[in-house]
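Engineer: from the sequence below, what's the structure:
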Amino acid sequence: MSKKLERNDPCWCGSGQKYKKCHMAFDERIQEFADQGHLVPDHSMIKNPAQIAGIKESCKVNNAVLDYVAANIRPGITTEDIDRMVYEKTTQLGGIPAPLNFEGFPKSVCTSVNDQVCHGIPSVEDVLQEGDIINVDVSTIYKGYFSDASRMFCVGQVSEEARRLVDVTRECVETGISMVRPWTFLGDMGAAVHAHALKNGYSVVREIGGHGVGIQFHEEPWVSYVSQPGTEMLMVPGMIFTIEPMVNMGGEEIFCDEGNGWTIYTEDGTLSAQWEVTVLVTEDGCEVLAW
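Structural biologist: Residues are numbered from 1 along each chain as shown. The predicted model follows:
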């Protein structure tokens with residue numbers, strides 16, 4: 001927790017109210033969990049109303065970009081075409097593609113096809129074929145605020161087993177959303193996601209998870225989808241993070257492309273799917289901001 005405030009000090013959230021009238025009881029409740037040994041958020045992870053409003057505007061742009069991709073994706077286009085769509089639509093709407101040049105990433109979007117788990121790099125050589133499944137991961141900076149979401153697309157007619165993987169992965173995210181409630185734990189959500197994948201015969205990637213987002217591209221907390229109930233960080237109103245399990249048809253093992261240092265594949269060559277949403281923890285549940 002941040003430096004202790006006195007009752008009559010201005011609240012740390014920037015509301016202009018006295019601490020005792022604003023977040024004092026809130027902080028005391030968090031401290032009770034900390035005293036019990038739980039991992040709790042600090043003030044930097046809790047967005048104030050002005051920040052939430054800005055992040056929501058960024059999410060609107062992000063959603064519009066993904067809608068544009070959905071309307072135009074088809075067999076025969078390249079992943080480079082998708083990258084161009086994302087760049088042009090994002091900038092047209094006043095945003096900046098967050099992945100572009102982020103830690104050296106060379107493109108505006110991640111396009112992960114079939115056995116690519118995540119961080120696929122768009123290329124003129126990657127032509128979408130009938131039967132492919134692809135994850136398009138869009139992240140946007142708009143007026144200084146960040147948003148992040150991805151969707152799966154089935155290219156033309158896909159196999160029944162590929163369609164089922166895509167659908168069950170979406171159900172995993174919906175299960176996760178239903179478990180986001182204040183004063184419970186990220187581990188409760190992650191465990192529910194993992195259980196749904198396992199029940200359907202799939203595995204979940206352990207090494208890569210979700211993250212806080214909004215003021216920066218990637219913030220604390222890190223979000224696991226193979227966690228145990230009652231563990232991981234306490235969820236409280238004002239937290240914003242992603243739910244984005246990577247679900248594999250085969251084993252959970254993965255490897256990174258040594259050539260580009262980015263693209264992650266399934267070790268056994270089986271298909272992988274991922275949906276990603278950004279959620280805001282509210283007083284009685286959560287609000288999905290980007291999808």
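
Engineer: residue boundaries of the strands in the stretch 1-150 of the chain?
Structural biologist: Listed in chain order, the strands of the stretch 1-150 of the chain (DSSP state E, counting those that start in this stretch) span 96-97, 110-113, 116-118, 133-142, 145-154.

Engineer: now those strands as a markdown table including mean neighbour count and distance to Ser224?
Structural biologist: Every C-beta, even on glycine, is put in place using the N, C-alpha and C of the backbone. Output for the strands of the stretch 1-150 of the chain, formatted as a markdown table (neighbours: other CB atoms under 10 Å; distance: least, CB to CB, whole Å):
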| stretch | mean neighbour count | distance to Ser224 |
| --- | --- | --- |
| strand 96-97 | 20 | 27 |
| strand 110-113 | 26 | 20 |
| strand 116-118 | 23 | 15 |
| strand 133-142 | 26 | 19 |
| strand 145-154 | 24 | 17 |
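
Engineer: of these, give the one that comes closest to Ala191.
Structural biologist: strand 116-118 (20.9 Å; CB to CB).

Engineer: who's in contact with that closest one?
Structural biologist: By CB atoms under 8 Å, 6 or more residues apart in numbering, the list of residues contacting strand 116-118 from outside reads 110, 112, 135, 137, 205, 208, 246, 248, 254, 263-266, 272, 274.

Engineer: average pLDDT across stretch 102-116?
Structural biologist: In this model, stretch 102-116 carries a mean pLDDT of 97.

Engineer: actually, stretch 193-212.
Structural biologist: Per-residue pLDDT values across stretch 193-212 average out to 98.

Engineer: so what would you say the end-to-end distance of it is?
Structural biologist: Across its full length, stretch 193-212 reaches 18 Å between end residues, using CA to CA, to the nearest Å.

Engineer: off-centre distance for it?
Structural biologist: In terms of CA atoms, centre = their mean, to the nearest Å, the centre of stretch 193-212 is set 13 Å apart from its chain centre.

Engineer: equivalent analysis for stretch 8-16, please.
Structural biologist: With CA atoms, centre = their mean as the basis, stretch 8-16 stands 30 Å off its chain's centre.

Engineer: flag every buried residue along that stretch.
Structural biologist: Within stretch 8-16, the residues that qualify as buried by neighbour count (16 or more other CB atoms under 10 Å) are Cys11, Trp12, Cys13.

Engineer: for Glu130, which residues are in contact?
Structural biologist: Contact analysis of Glu130 by CB under 8 Å, 6+ apart lists Pro75, Val155, Gly156, Gln157.

Engineer: hang on, the third one in a strand?
Structural biologist: No. Counting by DSSP: H, G, I helix; E, B strand; the rest coil, Gly156 is located in no strand; its state is coil.

Engineer: just the buried ones from the contacts of strand 116-118?
Structural biologist: When the contacts of strand 116-118 are checked for burial by 16+ other CB under 10 Å, the buried set is 110, 112, 135, 137, 205, 208, 246, 248, 254, 263-266, 272, 274.

Engineer: strands - which of those residues land there?
Structural biologist: The strands in this structure, assigned by DSSP state E, contain Cys110, Ser112, Asn135, Asp137, Met246, Asn248, Ile254, Ile264, Tyr265, Thr266, Ser272, Gln274 from those.

Engineer: okay, and the beta partners of the third one?
Structural biologist: Legend: beta-bridge partners of Asn135 under DSSP bridges are Ser112, Met152.

Engineer: could you do the last one as well?
Structural biologist: Following DSSP bridges, Gln274 is listed with bridge partners Met246.

Engineer: that one and Thr242 touch, don't they?
Structural biologist: No. Contact status for Gln274 versus Thr242: not in contact, 10.7 Å apart, counting by CB atoms under 8 Å.

Engineer: of the ones in strands among the buried ones among the contacts of strand 116-118, just say which sits nearest to Gly212.
Structural biologist: Distance from Gly212 was checked for each of those by CB to CB. The minimum falls on Asp137, at 16.6 Å.
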